[in-house]
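Peer 1: For reference, the sequence and a predicted model appear below.
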Amino acid sequence: SLLDFGCGSGILGIYALKANCKRVDFVDCDEKALSIAKDNVIRNGFYLSKEHFSSKMVTRTKTYKFIYANIGLNTLKELVFLFFDLLEPQGTLVLSGLLKSQKKEIFDKYSGNNFFSFIKVNETEQNNWICMELKKNREKALTREKKKRVSSLPDGAKSAYSSFPGAKESEFTKLQREYD
């Protein structure tokens, strides 16, 4: 599954469809760009229902193995949490459309020391532009998921859970099996 975020003409999503990607969703805040993407999908022999095209922010009801985001720096900085939630545990995020001078700023934001961090896998540079391939930080994702599960327990269960060290290790092991 792939999310083409800031899809423009839809070329990245269309490429994924041609590579037999099972589900591709296209998002762009520009209605005209979204219309062009729809037309290009049809011109390339694919027919997707309207639910695969959106001009609104994506909801967290779906997850994706890949997210391609070709949008500006400030918007990318605001979307780190959303992208983290939308990616599957072993998901890949590709950020492009960035200037070389913005590399440190965007990487610092996406690799921060919080529950929403990514690990850089690859980076390419052409002229003054860069593209980064990031993976969801598995350890941080597991820790965040564990905290979400514990926070959803009733108060009495939370204190019992936190006072029994073996439970934490057992829960972590269980989460690891789920994500493998």
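Peer 2: Yes, it's here.

Peer 1: All the strands of the protein, residue numbers only.
Peer 2: Listed in chain order, the strands of the chain (DSSP state E) span 2-5, 24-27, 53-54, 64-70, 87-99, 118-126, 129-136.

Peer 1: Pick the most deeply packed of the ones you listed.
Peer 2: strand 2-5 (a mean of 27; mean count of other CB atoms under 10 Å). Placement of C-beta: from N, CA and C, glycine included.

Peer 1: and that strand, C-alpha only, in CSV?
Peer 2: Provided in CSV are the C-alpha atoms of strand 2-5 (Å, rounded to 0.1, in the frame of the first residue of the first chain):
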residue,chain,number,x,y,z
LEU,A,2,1.2,3.5,-0.8
LEU,A,3,0.1,7.0,0.0
ASP,A,4,1.2,9.7,-2.6
PHE,A,5,1.0,12.8,-0.4
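
Peer 1: Note down every partner strand of it and its orientation.
Peer 2: Strands adjacent to strand 2-5 in the sheet, as given by DSSP bridges, are strand 24-27 (parallel), strand 64-70 (parallel).

Peer 1: Can you tell me which of these is nearest to Asn122?
Peer 2: With CB to CB, the closest approach to Asn122 among the strands paired with strand 2-5 belongs to strand 64-70: 13.4 Å.

Peer 1: quick one: that closest one to strand 129-136, angle?
Peer 2: 160 degrees (axes from the mean of the first three to the mean of the last three CA atoms, to 10 degrees).

Peer 1: List of residues touching strand 64-70?
Peer 2: Strand 64-70 is contacted by residues 1-6, 8, 12-13, 16, 21, 25, 76, 79, 83, 86-88, 90-97 when judged by CB atoms under 8 Å, 6 or more residues apart in numbering.
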